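Q: sequence first, then the predicted structure:
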Amino acid sequence: MKEKPDVLQGTLALMVLKTLDVLGPQHGYGIARRIEQISGDLLAVNQGTLYPLLLKLEHEGAIASEWGASENNRRARFYRLTAAGRKQLQAETREWEQTAAIIARFFKVKAEDLP
Amino acid sequence: MKFLRRFLIRLLNFATRQSVDQRLQEEIAEHLAFQTEENLRAGMSPAEARRQAALKLGALQAIRERHHDEQSLPFIENLLFDLRYAVRMLLRSPGFSFIAIATVALGIGATTAIYSVIDATLLHPLPYPNPAELVRVEDDLPGVGAERVGISVPEWRDLESSGIFQSASITGTGANVNLTGSAQPLRLSFKQVTPNYFAVLGVDAQLGRTFDANDATPGYNLEVVISDGLWRREFGADPHILGKTLRLDNDDYHVVGVMPRGFRDQGSTSDEQNVELWLGAGFAGVPFPPPQRDSRLRSRAVLARLKPGLSITAAQGHLDALVESLKKQYPGDYPPQTKWTIRLVPLSETVVGSVRQSLILLFGAVGLVLLISCVNVANLLLARASVRGREIAVRQALGAQKTRIIRQLLTESLLLFLLGGIAASGLLFCTQHLLLRLVPESLPHLNDISINWGVLAFALAVSVAAGTIFGLAPAWLMSRFDLIGTLRQEGRGSSGSVGRSRARQILVIGELALSLVLMVAAGLLLHSFWDLFAVQPGFNPDRVMAIQTWLPGPNDPTTDPYQTATQESVLLREILRRSRTLPGVEEAAIGDEASLPLGHTDPGRLPLIREGIETMDNQAPVIDSPIVSPEYFHLLGMPLERGRLFSDQDLEDKPQVAIINQAAARTYWPNQDPLGKRVRLHLDTRGLVSPAKPVWTTIIGVIADARTESLADVAIPLIYRSVYQRPAKDLAIFLRGQLDPGVIPAQVRQQVQSIDATLPVFHAETLDDVLSTSLSVRRFSMEMVALFAATALLLAGLGIYGTISYVVNEQRREIAIRLALGAQRGTILKMVLRRGLGLAAAGAGLGVASALIVAHLMAGLLYGVSPTDLPTFAGVTLVLTTVALAASYIPALRAMRLDPITTLHSE
């Protein structure tokens, strides 16, 4: 069986921020689920690793959390994006897109294109 | 920013021990519940649903740990654990801990003590802003072998306008002045300075003002700035001192300012010589000679502040160009054969330059002691490794990482070194007054030496550095255990690891080598000091006391009661007559300060113009010229070689005569008879105002060489003149006989002041004291290095004792078997001793090689002994070998007396 690729810490953080940006406040399970869905099970996160990361983002001020009631009326901790987190997300998105674009251009280049 | 915020929150969590573990557990329970529901919806059985949910979540404990690490500071947490453990370990073996901490404290304490001396002297030589800009400007005439000939006023003006300096000031080299009008006439050190002097130093008055540069007058401007010390001592810190009149050498000066506390003149080193009065002067009018280019005064120094950012080398380059152009402009004043040059010397160099080598030597020596004590502790740590081998093996077997074990062991050794450092600092702090008494008074900035924050920071830094370096090696060696082997062997008397025992032997060899280096250094210094002490000074200091006085020299010479030698001789003859009547006095003589053997700072150099050879002052070589009364030579036991001594008939109105020493005869009249030769000592600071007719002085006698200038220099040319022909202001009264040093000064003062009540009498010393003071810095460094060497030897002895004991302990099984098989006990003894001897030989070999290098580096501090002095090297090697053998003898004896039955049974 082929191992699914590990998610790099930084990328996972970006995914968390984007998820919260799109879906609004979410609990830990919701975030994990969403990331799994979007990545098409490719990035089957060791879901527990999400929680230390959430704590780190909270310490950095990118997200905030509070207790609330879930859709089926259970007590759950909800995370939401802060203003600082939104700014961080925008900056990192830009960076990521730039990097991706550059890499894409590299892949397109063929030997005969080179002068 | 983000990082900082995260760190602060974590620090806060750590400090308040707040835990979010509870919250995590709840969240995870929720997560599992959600996932299980989902799985159930997907059609799994309840048990399978829960199992899959847990699997997907991952290892719960690992998550909790990472979560905990994230919210707190694991590094500090571990450090605290390690520290707690280290403290427990130290308390568990108090003997080991005590010895280790004491050894470290010894090394760090000694190093810190010497550092505090260096901190006050070499590192902070000048208490002025931007001290690196301050330079002395010195004029030399290398063509005629004359150094520091002084500067003339026109030359100073050239310097001021040269663009090299922010400002340049002329100062006198400092002299005495009488303050009269208080209960006792006081002799004070003063300095004439140009008004911009304080601006050059960059220090302002605490009360009143310093001199105003616009106040420049050709002569003295009758204003005085006084020191804080004088202000407090003599005037009770009177806030209304400004404008008061001080009567100095019978002239009235107005006080215009008081310098701040702690301001000390340029390089003044001790309070005795500290300048307490500054007089503003222009150096160009009465009583100074007219400002001509060729009228240089040796007693004038130039102190200047370089333009900011200008290096000394660059400034020297500009200055050389200036000198060249001046030589072209005034060829008559600067004859080419004299090779007139101007030299810039950093001011700090003139303050501490003389002791730099000694202090660096001391620091090097104490550094070696520190190194040896650290090596000793490292050795102790390694010795303990064999005891703790099992503990560490068990830890490793339980999965501890190697880095984690090293970190823990390192924490332990760091704690040990830090405790040592703290103990040393505390001890130093408590005993600093006691220790300072050991430092010779002639050391510059003695009063600035203190255990301050900088020094404490140094002690801390040294502790940490030493702890890291010397803790890392044992820790690394200890973590390299052969796990299985250790666990299997422990409890059956292991034979230890080969690496560890090799490391210990290398350490001991290093220790022995280092202590040999120190002992060679101490031996050479001791040898030099002994040679200097035993040197025949050429004069007899026994039972001689010198007591100083100072005759006032008013600005208007006509008001001077002692203007001419004839006038002064009345006073001097009366002082001598009365002194001879004092109890115990057998002989009495008078000379000026320059005649005080080894006790003067200013040798009073004058250009020596020989008849028919030189015609101008600035072409002439410079010679030291004391002024003495006829009895001087007999009193000091300096034999006449040729010609005659001064007689009572050599008076002011008779032909001028002089006596030279053999060195002067050799230097200036080689292969000639100097008797009857005529010379002129021009630029004489004394009696300048009297019309300077060219008067020839005839040499009438040659005196045997004596080391009155410096014990270490064989003979410096000297020319003596009679005080009855040349008046002197700075007088020393010499008395020989059965003198009571506690009584004589007061008796002399009473006699002198009953002749002239305005004369101060001060600074009474026996020549033996003067002699030993002149050697004080040498003695200090010799004693210190000897002390360090003894310490090093002791530590090295302990080191070799420990190592051999350890070797014997490791081999006791083998020794017991040998004995059981019939080995002679003598053979066992020899076997162990051979081990010790081997270490000693290796250490001595390495040590001798390094000592040769070190001895050559310190050649400048040696006197009368070659840096490769064979007896010293041989003696030291012998001592070291003896100590090493003695230290191995005790464990060897123990090995010999081993009872094979008990030993083998107990294993």
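A: The structure has been received and is ready for your questions. Numbers count the residues shown, from 1 in each chain, chains lettered A, B, ... in the order given.

Q: so where's the stretch 351-500 of chain B shaky on pLDDT?
A: Low-confidence segments of the stretch 351-500 of chain B (pLDDT under 70): B:386, B:481-499.

Q: can you rerun that using 50?
A: B:491-495 (pLDDT under 50).

Q: which strands or helices does the strand or helix carrying B:E511 pack on?
A: Element membership for B:E511 (DSSP states H and E) is helix B:498-534. If you count contacts as 3 or more CB pairs under 8 Å, 6 or more residues apart in numbering or on different chains; DSSP states H and E, helix B:498-534 packs onto helix B:347-397, helix B:453-479, helix B:776-810, helix B:825-857, helix B:870-896. C-beta coordinates here come from the backbone N, C-alpha and C atoms, glycine included.

Q: show me which positions of the last one end up buried.
A: Buried residues in helix B:870-896, counting neighbours by 16 or more other CB atoms under 10 Å in any protein chain shown, are found at B:872-873, B:876-877, B:879-881, B:883-884, B:887-889, B:891-892, B:894-896.

Q: and that helix, how far out from the chain middle?
A: 34 Å (CA atoms, centre = their mean, to the nearest Å).

Q: average pLDDT for that helix, rounded please.
A: The pLDDT scores in helix B:870-896 average 89.

Q: so what secondary structure elements neighbour the helix or strand that that helix is followed by?
A: Using DSSP H and E, the helix or strand that follows helix B:870-896 towards the C-terminus is helix B:900-906. Other elements packing on helix B:900-906 under the criterion 3+ CB pairs under 8 Å, 6+ apart are helix B:812-820.

Q: distance from the chain centre to the helix it packs on, please.
A: Distance of helix B:812-820 from its chain centroid, counting by CA atoms, centre = their mean, is 55 Å.

Q: around whichever residue of the stretch 251-400 of chain B sits closest to chain A, how many other residues sit close by?
A: Residue nearest to chain A within the stretch 251-400 of chain B: B:G399 (21.8 Å; CB to the nearest CB). Residues near B:G399, counting by other CB atoms under 10 Å in any protein chain shown, number 7.

Q: one more: B:A658?
A: Look at B:A658: counted by other CB under 10 Å, it has 24 neighbours.

Q: what bridges to it?
A: Beta-bridge pairing of B:A658 under DSSP bridges involves B:I699, B:R721.

Q: spit out the contact partners of it.
A: Residues near B:A658 by CB atoms under 8 Å, 6 or more residues apart in numbering or on different chains: B:V679, B:L681, B:T697, B:T698, B:I699, B:I700, B:I719, B:Y720, B:R721.

Q: where's it relative to B:V714, distance?
A: The spacing between B:A658 and B:V714, counted by CB to CB, to the nearest Å, is 22 Å.

Q: what of B:I469?
A: In terms of CB to CB, B:I469 sits 47 Å off from B:V714.

Q: which one's more surrounded, these two?
A: Per other CB under 10 Å, whichever of B:I469 and B:V714 has more neighbours is B:I469, with 14 against 11.

Q: what stretches of the stretch 601-750 of chain B score poorly on pLDDT?
A: Residues of the stretch 601-750 of chain B that meet the criterion pLDDT under 50 lie in B:684-691.

Q: go again with 90.
A: B:601-625, B:647-656, B:667, B:670-672, B:679-697, B:706-716, B:726-731, B:739-743, B:745 (pLDDT under 90).

Q: strands along that one, start to end?
A: Here the stretch 601-750 of chain B has its strands, by DSSP state E, counting those that start in this stretch, at B:605-610, B:622-624, B:627-628, B:640-643, B:656-661, B:678-681, B:697-703, B:719-722, B:730-737.

Q: which strands or helices does the shortest one pack on?
A: Packing partners of strand B:627-628 (3+ CB pairs under 8 Å, 6+ apart): strand B:585-592, strand B:719-722.

Q: what do you get if the cut-off is 7 Å, keeping everything else the same?
A: If you count contacts as 3 or more CB pairs under 7 Å, 6 or more residues apart in numbering or on different chains; DSSP states H and E, strand B:627-628 packs onto strand B:585-592.

Q: would you mind listing the buried residues in the strand it packs on?
A: B:V585, B:E587, B:A588, B:A589, B:I590, B:G591, B:D592.

Q: burial check on the closest residue to the last one other than its chain neighbours, number of neighbours?
A: Looking back up the chat, that one is B:D592. Sequence neighbours aside, B:A728 is the residue nearest to B:D592 in space, at 3.7 Å (criterion: CB to CB, 6 or more residues apart in numbering or on different chains). B:A728: 26 surrounding residues under other CB under 10 Å.

Q: state the distance from B:A728 to chain A.
A: B:A728 sits 83 Å away from chain A, going by CB to the nearest CB, to the nearest Å.

Q: shouldn't that residue be in contact with B:P626?
A: No - using CB atoms under 7 Å, B:A728 is not in contact with B:P626, being 9.0 Å away.

Q: got any residues that touch both of these two?
A: Any residue near both B:A728 and B:P626 by CB atoms under 7 Å, 6 or more residues apart in numbering or on different chains counts here, and that gives B:D592.

Q: got the strands of the stretch 601-750 of chain B as JSON lines, with distance to B:P125 columns?
A: Putting those into JSON lines (distance: least, CB to CB, whole Å) gives the following:
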{"stretch": "strand B:605-610", "distance to B:P125": "26"}
{"stretch": "strand B:622-624", "distance to B:P125": "27"}
{"stretch": "strand B:627-628", "distance to B:P125": "34"}
{"stretch": "strand B:640-643", "distance to B:P125": "44"}
{"stretch": "strand B:656-661", "distance to B:P125": "35"}
{"stretch": "strand B:678-681", "distance to B:P125": "35"}
{"stretch": "strand B:697-703", "distance to B:P125": "39"}
{"stretch": "strand B:719-722", "distance to B:P125": "35"}
{"stretch": "strand B:730-737", "distance to B:P125": "28"}
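
Q: related to what we said a few turns ago, need the helices and strands packed on helix B:498-534 in TSV with distance to A:L89, can you?
A: Listed next are those as TSV, based on distance: least, CB to CB, whole Å:
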stretch	distance to A:L89
helix B:347-397	45
helix B:453-479	43
helix B:776-810	64
helix B:825-857	64
helix B:870-896	72
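
Q: what about those, which gets the closest to chain A?
A: Of all those, helix B:347-397 comes closest under CB to the nearest CB, at 27.1 Å.

Q: tell me which residues of stretch B:431-450 are tucked away?
A: B:L435, B:V439, B:P440, B:S442, B:L443, B:P444, B:H445, B:L446, B:D448, B:I449.

Q: between those residues, which sits nearest B:R261?
A: B:D448 (12.8 Å; CB to CB).

Q: pretty sure that closest one is touching B:A120, no?
A: Yes - between B:D448 and B:A120 there is a contact under CB under 7 Å: 4.0 Å.

Q: buried residues in stretch B:218-232?
A: Under 16+ other CB under 10 Å, the buried positions of stretch B:218-232 are B:219-231.

Q: among these, which lie within helices?
A: If you go by DSSP state H, those have B:D228, B:G229, B:L230, B:W231 in helices.

Q: quick one: contacts for the first one?
A: Under the criterion of CB under 7 Å, 6+ apart, the contact partners of B:D228 comprise B:Q206, B:V258, B:M259, B:P260, B:R261, B:F263.

Q: show me what the second one is bridged to.
A: To tie it back to what came earlier, the one meant is B:V258. Applying DSSP bridges, one finds that B:V258 bridges with B:L207, B:I226.
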